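Engineer: 3D model of this:
(chains A, B and C)
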Amino acid sequence: MAYRWARRGSPWLIHFNTGGCNGCDIEFVAAITPVYDIERFGIQLKGSPRHADILAVTGPVTVQIAERLRRVYDQMPEPKYVVALGTCAVSGSPFKDCYNVHGGIDTVVPVDAYVPGCPPRPEAMIYGIAQLLKKIKG
Amino acid sequence: MISMSEVIEKLQNHLKSDFGEGRFARDRRIFVRVGAGSIKEAFRYAVQEMGFDHLGTITGADLGADLEVVYHLVERGRNVLSLSTRVPKEKAVVPDVSDIVPSAAIYEREVRELLGINFEGLQGASLLLLPDGWPDGTYPLRKDQSFGMLKEIKLKKG
Amino acid sequence: MGYASTIKVPFGPQHPALKEPEHFLFEVDGDTVVNVTPRIGYVHRGLEKGFELETYNHGLYLAERVCGICNIAHTVSYTQVVEELMGVQIPPRARYIRTIVAELERLQSHSLWVGIVAHEAGFDTLFMYVWRDREAIMNLFEELTGGRVLHAINTLGGVRRDITPEWETKLRKGMDSFEERTKDYLRIVNSERTFLKRTSGVGLLSPQDAVKLCAVGPTLRASGVKEDVRADDPYIAYDEIPFNVVTSESGDALARTVVRVEEMMESIGMIRYALDHMPSGTIKVRPPKIAPPGEVLSRAEAPRGELIHFGRSNGSAKPERYKIRSPTLANIPALCKTLIGVHVADIPIILAGIDPCFSCMDRMAIVDRRTGEKREIEK
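Structural biologist: Presented below is the predicted three-dimensional model:
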């Protein structure tokens, strides 16, 4: 119970783009900036998967990157959570049928929260992550 | 400063019989087709002697029986010349032009991977655009590659 | 030559400096880069095939999602190609609205970039300030088009929404305050000593190399070459709006920053001029469903440089072939040239210098393999 409280209090995030158009990525970076300020939830952006609790993924998974996504996920210590940001990460569309795209990220890693939108607003991303934190709290 | 029709005329005079056709549908856009045997000379002439020294990109296309290569050359500040040639699918070979314009290598490699045109003399044989392990001989942009077929490859790899 | 003692440092596809996945294999001798091997294709989605399978209207959605940051440049180019194939002339008011939105996008993209480069240089305060000010532009976009990032305002035959007098007032006010902030940024990047230390003289690209390697955009202009598609090959309303092509002589990372900030000042002026001279009338004409056989090449000046769209029609409702060459791909050879001989710590700034947009690049990407080496890196 105590560690669940601690986990929820300062989740560290790592961001990974699996082949998206960047729309979600720039809205995600905007979420860190003063107007939306995700840091007030204790969330910090980390550079290495080994330091992170939550993996925030954007983009439809291209064939080339699928293995790397899995590897990044595997490098994260338990307990770990995954957030799919954007319609591409959720389901892959509109590229779902393209020859180099697998689809949503749940084809490669288990997902805990889905944030749809093309791209989702920074507020939507923050809401999605807050829902995930609620879920962690149990 | 030469006009668009003069550009076509000069190419025609330089290549003589191997010149196919030239036209322009609007200002600053010239389209010229030449025989495959003279494409490298046409390219060199346009780049080194007519001032079209900025290579925009190289497009490849599947025309059915033939494959086509189009070199988009820009005369800085003025016209765009799209210089094309066609080769039969069974013998899709075109000379490499990266000794004249180094950037051509990037665009040629893309065309080679996606359409299977062989650029003779191009360095570096490995597959670097499509994902590692993509099957040899499968060229996604060819018309005979349907999405269904490509999906099979995708699923097998994933 | 000491190559036996070089170390190979893989950079990406997951890396804090990279917002997009790409891989660069750096060979370093001590702290100096002696060779770089890019491995791209991580964002390759197979879009060009996608265009062939759907109608021209559907292709508009694909074109927009080639890149979130320069989506307007892509839709402007796409609509230009298809409209020319179909023989459609858009109304003058639509051309001006497209121009205003395109220049707003340039402001948004360049300010995004200034923030990112400041972040790479360790100047996080500037990053936060710039992105806060950038929100004003995002709000303007959202009010006009309904979307902050992907706008969908360009459509075949014109634009989807018109500029209202209320929005015009907001835009003018927004430009006034943004101009003040941009003047501040110009002063900061030109005088802030730590920033200068990190960018001045870093990643030098001579004008001869820039021209020989066919670089485009601010990367080319920062090396002193005065070329800009908006001036050389005008499209939409650029032939009627006066502006200066900004260049710099030093060819380093600082020059690339200054060129972009000064371009932001130019864009603000262009937006004001377009508003002052806005033609009245309709904003859209109805395009046909079918394009007669033909081929069209369209060039645009995306925030990152020259963007080329080449389309062919075959008399049906779907394109025969559609090709996109984005500016980042054209800058890769120049990028590799500027990365040789630099310190490892300067790599993120130089990479950021070309304003890489790998999603634009990969939809059809290739690697410049002058060394002929292929490396299996992640294995």
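Engineer: So, low pLDDT: which residues of chain B?
Structural biologist: Along chain B, segments meeting pLDDT under 70 span B:1, B:124-129, B:151, B:153-158.
Engineer: same deal with chain A?
Structural biologist: Using pLDDT under 70, chain A drops low at A:1-8, A:138.
Engineer: Is it correct that C:H309 falls within a strand?
Structural biologist: Yes - under DSSP: H, G, I helix; E, B strand; the rest coil, C:H309 sits within a strand.
Engineer: Which residue, other than its chain neighbours, is closest to it?
Structural biologist: Ranked by C-beta to C-beta, 6 or more residues apart in numbering or on different chains and with sequence neighbours excluded, the top spatial neighbour of C:H309 is C:S77, at 4.0 Å. All C-beta spots, glycine's among them, are computed from the backbone N, C-alpha and C.
Engineer: wait, isn't the one you found in contact with C:E306?
Structural biologist: No - taking contacts as C-beta atoms under 8 Å, C:S77 lies outside contact range of C:E306: 10.4 Å.
Engineer: Give the residues shared as contacts by these two.
Structural biologist: Counting by C-beta atoms under 8 Å, 6 or more residues apart in numbering or on different chains, the residues touching both C:S77 and C:E306 are C:299-300.
Engineer: thinking again about what came up before, now the residue nearest to C:H309, what's its secondary structure?
Structural biologist: Counting by three-state DSSP, the backbone at C:S77 sits in helix.
Engineer: Share the number of residues neighbouring it, please.
Structural biologist: Using other C-beta atoms under 10 Å in any protein chain shown, C:S77 is surrounded by 26 other residues.
Engineer: The one 3 residues further on now?
Structural biologist: Taking other C-beta under 10 Å as the neighbour definition, C:Q80 ends up with a count of 22.
Engineer: C:D162 too?
Structural biologist: 14.
Engineer: ok, now how distant is it from chain A?
Structural biologist: Applying C-beta to the nearest C-beta, to the nearest Å, the value for C:D162 to chain A is 24 Å.
Engineer: Please tell me I have it right and that residue contacts C:I283.
Structural biologist: Yes - with contact defined as C-beta under 8 Å, C:D162 reaches C:I283; the gap is 5.1 Å.
Engineer: Which neighbours do these two have in common?
Structural biologist: Taking C-beta under 8 Å, 6+ apart as the contact rule, C:D162 and C:I283 both touch C:93, C:97.
Engineer: ok, and the closest non-adjacent residue to the residue nearest in space to the middle of chain C?
Structural biologist: Nearest to the geometric centre of chain C sits C:R304, at 2.8 Å (C-alpha atoms, centre = their mean). Excluding the flanking residues, the one nearest C:R304 by C-beta to C-beta, 6+ apart is C:P327, at 4.1 Å.
Engineer: Distance check, the one you found against C:P333.
Structural biologist: For C:P327, the distance to C:P333 equals 13 Å [C-beta to C-beta, to the nearest Å].
Engineer: Looking at those two now, which is surrounded by more residues?
Structural biologist: Higher neighbour count among C:P327 and C:P333: C:P327, with 30 against 20, using other C-beta under 10 Å.
Engineer: For the more buried one, give me its contacts.
Structural biologist: C:P327 makes contact with C:216-217, C:302, C:304-307, C:357, C:360, according to C-beta under 8 Å, 6+ apart.
Engineer: Let's verify the residue positioned nearest the centre of chain B: helix, strand, or coil?
Structural biologist: Residue closest to the mean C-alpha point of chain B, counted by C-alpha atoms, centre = their mean, is B:V69 at 2.9 Å. What three-state DSSP gives for B:V69 is strand.
Engineer: now the helices for chain B?
Structural biologist: Applying DSSP state H to chain B gives helices spanning B:4-15, B:39-44, B:104-115, B:147-157.
Engineer: So which of those helices is the most surrounded?
Structural biologist: Stretch with highest mean neighbour count among the helices of chain B: helix B:104-115 (a mean of 25; mean count of other C-beta atoms under 10 Å in any protein chain shown).
Engineer: is that helix anywhere near chain C?
Structural biologist: Yes - contact of helix B:104-115 with chain C (C-beta under 8 Å from any C-beta of the partner chain) involves B:105-110, B:113-114.
Engineer: What is the neighbour count of C:D176?
Structural biologist: Number of residues near C:D176 (other C-beta under 10 Å) recorded here: 11.
Engineer: What's the separation between it and C:T182?
Structural biologist: 11 Å.
Engineer: Skipping its backbone neighbours, what lies nearest A:V109 in space?
Structural biologist: In this structure, A:V109 finds its nearest non-sequential neighbour in A:Y73, 4.6 Å apart by C-beta to C-beta, 6+ apart.
Engineer: how about the residue in chain C that chain A sits nearest to, what does it touch?
Structural biologist: Going by C-beta to the nearest C-beta, chain A is nearest to C:G68 of chain C, at 2.7 Å. Counting by C-beta under 8 Å, 6+ apart, C:G68 makes contact with A:20-26, A:119, C:149-150, C:359.
Engineer: same thing but at 6 Å, please
Structural biologist: By C-beta atoms under 6 Å, 6 or more residues apart in numbering or on different chains, the contact set of C:G68 is A:21-23, C:149.
Engineer: With B:L130 instead?
Structural biologist: Taking C-beta under 6 Å, 6+ apart, we find B:L130 in contact with B:E113.
Engineer: Tabulate the residues of helix B:104-115 next to chain C (a markdown table), appending distance to B:I8.
Structural biologist: Formatted as a markdown table, these follow (distance: C-beta to C-beta, whole Å):
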| residue | distance to B:I8 |
| --- | --- |
| B:A105 | 28 |
| B:I106 | 28 |
| B:Y107 | 24 |
| B:E108 | 25 |
| B:R109 | 30 |
| B:E110 | 28 |
| B:E113 | 32 |
| B:L114 | 30 |
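Engineer: what ranges do the strands span in the chain?
Structural biologist: No chain specified, so I'll use chain A. With strands called from DSSP state E, chain A shows them at A:12-17, A:44-45, A:54-58, A:61-62, A:81-85, A:101-103, A:113-115.
Engineer: Switch to chain C, please.
Structural biologist: Under DSSP E, chain C gives strands at C:7-11, C:23-29, C:32-39, C:154-155, C:158-159, C:294-302, C:305-313, C:319-325.
Engineer: can you list contacts of the fifth one?
Structural biologist: Applying C-beta under 6 Å, 6+ apart, the set of residues contacting strand C:158-159 from outside is C:90, C:94, C:97, C:153, C:283-284.
Engineer: which two in these are spaced the farthest apart?
Structural biologist: The span of these, defined through C-beta to C-beta, is set by C:I90 and C:I153 at 12.7 Å.
Engineer: tell me which parts of chain A are close to chain B?
Structural biologist: Contact residues (C-beta under 6 Å from any C-beta of the partner chain) of chain A with chain B: A:63-64, A:97, A:99, A:102.
Engineer: any idea which of those is closest to B:I30?
Structural biologist: For the residues of chain A next to chain B, the residue nearest B:I30 by C-beta to C-beta is A:Y99; the value is 33.6 Å.
Engineer: Okay, the residue nearest to C:H309 and C:I324: tell me how far apart.
Structural biologist: From C:S77 to C:I324 the distance is 8 Å (C-beta to C-beta).
Engineer: Find residues that contact each of those two.
Structural biologist: Here C:S77 and C:I324 have C:H309 as joint contacts, going by C-beta under 6 Å, 6+ apart.
Engineer: Return the set of residues that bridge with the residue nearest to the centre of chain B.
Structural biologist: Residues in a beta bridge with B:V69, per DSSP bridges, are B:G60, B:T85.
Engineer: Tell me the span between the first and last residue of stretch C:115-133.
Structural biologist: Start and end residues of stretch C:115-133 are separated by 10 Å (C-alpha to C-alpha, to the nearest Å).
Engineer: Same question for stretch B:30-43.
Structural biologist: 14 Å.
Engineer: quick one: contacts for B:R29?
Structural biologist: B:R29 neighbours (C-beta under 6 Å, 6+ apart): B:V80.
Engineer: That one and C:P288, how far apart?
Structural biologist: Using C-beta to C-beta, B:R29 is found at 22 Å from C:P288.
Engineer: Fine, thanks again, bye for now.
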